[in-house]
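# My questions concern the predicted model and sequence given below.
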Amino acid sequence: GEDHPNTASSYSNMGHVYDNMGDFDRALEYYEKALVIRQKVLGEDHTSTADAYTSMGNVYDNINDFGRALECYEKAREILSKLLGKDHPEMGSLYTNMASAFSSSGDYAQALHYSEMALLITQRAVGDDHPSVAGIYYNMANVYDSMGDFDRALEYCEKSLVIRRKVLGEDHPFTAHTYNNMAI
C-alpha cells in the first residue's frame, strides 16, 4: 500500500535516480514522499527517517541551498545521535556531508570542525589506511585551499595521497586526481 516502508524505499530509490540524473526537483519530490511515509509509519526517531533527511540535504547541497541542506542534516544528526550514538560510523558520513555544505557556503571554520569530527569517527571505525579517511583528508585539503592556506592544503593532499597510493594503487583515478590537485 501507499503507507508502507517498502513504498517509501521505492520513492527513495526513485529520488536517488533523479538525483543522479541531475533532476533535483523530481529527486526532492520523491525524497519528500519517502520522508512523509517514514514519519507516519516508522516515526521521526528512526534511521530510515534520518536517511530521508540526509538524502534531501544532499540534493539541497547540490543545488547550492546550503541553509536547507544544513537543516536537513541537522535533523538527521539529532535522530542518528539519539539512536546510534555520537561516535557511530554513520555519524562520520553525516559530518562529512555537513562539512561539504559548510565549505560550499564559505564557512570554512565549520567545514573544518565537521571534517575533523568525521575524521576521528571514521578512523576509529575503519583505521587510518582506508579510502574514506583519504577522502576526508582530501576534502580538508580543498577547504584549506579555499582559505588560501596552501601549505596546509598540500599537507592534507599528501596525507590523502599516501593512503590512496597504499590502498588503491598508483593507477587508481582517485590517486591520479590527488596528484592533479597537488600540481594545481
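Done, it's in.
# what's Tyr144 in contact with, if anything?
If a contact means C-beta atoms under 8 Å, 6 or more residues apart in numbering, then Tyr144 has 150, 152-153, 155-156 as its contacts. Where you see a C-beta, it was placed from the backbone N, CA and C, and this is true even at glycine.
# Would you point out which residue is most central in the protein?
In the chain, the residue lying closest to the centroid (C-alpha atoms, centre = their mean) is Asn97, at 2.8 Å.
# element containing it, please.
helix 89-104 (DSSP states H and E).
# Quick one: neighbours of the closest residue to Met147 other than its chain neighbours, just the number.
If the residues on either side of it in the chain are set aside, Met147 comes closest to Tyr108, at 5.0 Å by C-beta to C-beta, 6 or more residues apart in numbering. Neighbour count of Tyr108, defined by other C-beta atoms under 10 Å: 18.
# Got the confidence number for Tyr108?
pLDDT recorded at Tyr108 is 98.
# quick one: it and Asp145, what's the gap?
Counting by C-beta to C-beta, to the nearest Å, the separation of Tyr108 from Asp145 is 10 Å.
# Over to Gln39?
40 Å.
# on that earlier part again, TSV for the contacts of Tyr144, including neighbour count and distance to Val162?
Below are these laid out as TSV (neighbours: other C-beta atoms under 10 Å; distance: C-beta to C-beta, whole Å):
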residue	neighbour count	distance to Val162
Phe150	11	19
Arg152	16	16
Ala153	21	15
Glu155	15	11
Tyr156	21	11
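# Looking at these, spot the one nearest Lys86.
Of all these, Lys86 sits closest to Tyr156, with 24.1 Å by C-beta to C-beta.
# picking that back up, what sits against the residue nearest to Met147?
By C-beta under 8 Å, 6+ apart, the neighbours of Tyr108 are 102, 143, 146-147.
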